Structures are given as structure tokens and as C-alpha cells.
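Novice: Show me how the following folds:
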Amino acid sequence: MSLKTQIDGDIKQAMLSKNSERLRALRAIKSLILLAESEKGAKAELDQAAEMAILTKAAKQRKDSLAIFEEQNRPDLAEKEQAELDVINEFLPKQLSEEEVKSEVAKIITQVGASIPQDMGKVMGAATKALAGKADGKMISTLVKELLSK
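Specialist: Numbers count the residues shown, from 1 in each chain. So this is what the prediction gives:
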């Protein structure tokens, strides 16, 4: 079942249960999917990688907004962003722990044959593709730098 179909079903459920916070988050996700499908040169149906990229980007935006709202002491807005982030996270694959990401990055470094910090670009390309949706890009970057500088 595609993400769009799953979102449509969840929207119906949220409407029936009168869960306005969940409904708002689901509609935001559906809007992002529809925008991606209507972009010039896009296929009619998005593949799973494109759907994960959309969800990952939406989750990152919510996390950034949440941090800003908490910094500015706006609990009302932070609460809304957290609710949306929780709904988005339901559709993302389980996030890997730092140790799991570190071991995956170490494997990728040996596969690519990287050994110096200048090889970071090669490693990051392979790592972001392999860990898409499973780990935060910032964490991947930090771990790649750490492992290549040893």
C-alpha cells in the first residue's frame, strides 16, 4: 500500500474520531505528497524513496520549528509542532541508535575505501543513500568526520 493511500485512510479515521491535531498533520503530509507529484518532470506515483525523503524533510522542519518555539518560550506553538512530528514519525522507519549508525558508517567507509578526511564526500554520498530515513543527516555527518579523522 502506498503512503498516499495509507494517509487517505488515516485522514478518514481522524475525521471520524474528530481528532483535529492528527487530521491537521495528516493533511500537511498529503499536501506535501501532492505537491511532489505535481512537480514538473515527476512521475504520477512517487516511489518509496521519494516518499521517505518527503517525510524526512517534513520531520526535520518540525524539529527545527520545535527548537525555535521552545527557545522563544512559546509552548502553545511548540505543542502543535510536537503533535505533528509525532504523526510524521509514525510513517517513518524506526530511527537507528548512534551506535548502530556508527557501525553502518564504519562498514561504508571500508566498502568505499576511504581513509582520510578528504574522502568524506564519497562516504557521505553512500551513507546518506544507505541510511535514508533511518538516521539524521547531521548525526551521519558527525560520525563520518569522527571516523575519518582517526
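
Novice: make it CA atoms for all contacts and neighbour counts henceforth
Specialist: Fine.

Novice: who are the neighbours in contact with the spatially most central residue of the chain?
Specialist: Relative to the mean C-alpha position of the chain, the nearest C-alpha, by C-alpha atoms, centre = their mean, is the one of Thr56, at 1.7 Å. Taking C-alpha atoms under 8 Å, 6 or more residues apart in numbering as the criterion, Thr56 is in contact with 92, 133.

Novice: Count residues in the vicinity of Met52, would you?
Specialist: The tally of other residues near Met52 (other C-alpha atoms under 10 Å) stands at 19.

Novice: Now do the same contact list for it.
Specialist: Contact partners of Met52, counting by C-alpha under 8 Å, 6+ apart, are 92, 132-133.

Novice: how about 10 Å then?
Specialist: By C-alpha atoms under 10 Å, 6 or more residues apart in numbering, Met52 lies in contact with 3, 46, 58, 91-93, 132-134.

Novice: what about the strands in the chain?
Specialist: Secondary structure of the chain (DSSP state E): no strands present.

Novice: What pLDDT is listed against the residue nearest to the centre of the chain?
Specialist: Looking at Thr56, its pLDDT reads 85.

Novice: now swap in Ala44 and tell me
Specialist: Looking at Ala44, its pLDDT reads 68.

Novice: Poorly predicted segments of this protein, please.
Specialist: For the chain, the stretches flagged by pLDDT under 70 are 1, 42-44.

Novice: max-length helix in this protein?
Specialist: In the chain, with assignment by DSSP state H, the single longest helix is helix 48-71.

Novice: Glu51: neighbour count?
Specialist: The local packing of Glu51 (other C-alpha under 10 Å) involves 22 other residues.

Novice: List the contacts of Leu3.
Specialist: Leu3 makes contact with 9, 29-30, 33, 46-48, 51-52, 91 under the criterion C-alpha under 10 Å, 6+ apart.

Novice: Then Ala114?
Specialist: Going by C-alpha under 10 Å, 6+ apart, Ala114 touches 106, 108, 120-123, 148.

Novice: Output those as a markdown table; include the columns distance to Ile68 and neighbour count.
Specialist: Output for the contacts of Ala114, formatted as a markdown table (distance: C-alpha to C-alpha, whole Å; neighbours: other C-alpha atoms under 10 Å):
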| residue | distance to Ile68 | neighbour count |
| --- | --- | --- |
| Ala106 | 33 | 18 |
| Ile108 | 34 | 19 |
| Met120 | 30 | 18 |
| Gly121 | 30 | 13 |
| Lys122 | 33 | 14 |
| Val123 | 31 | 27 |
| Leu148 | 32 | 17 |
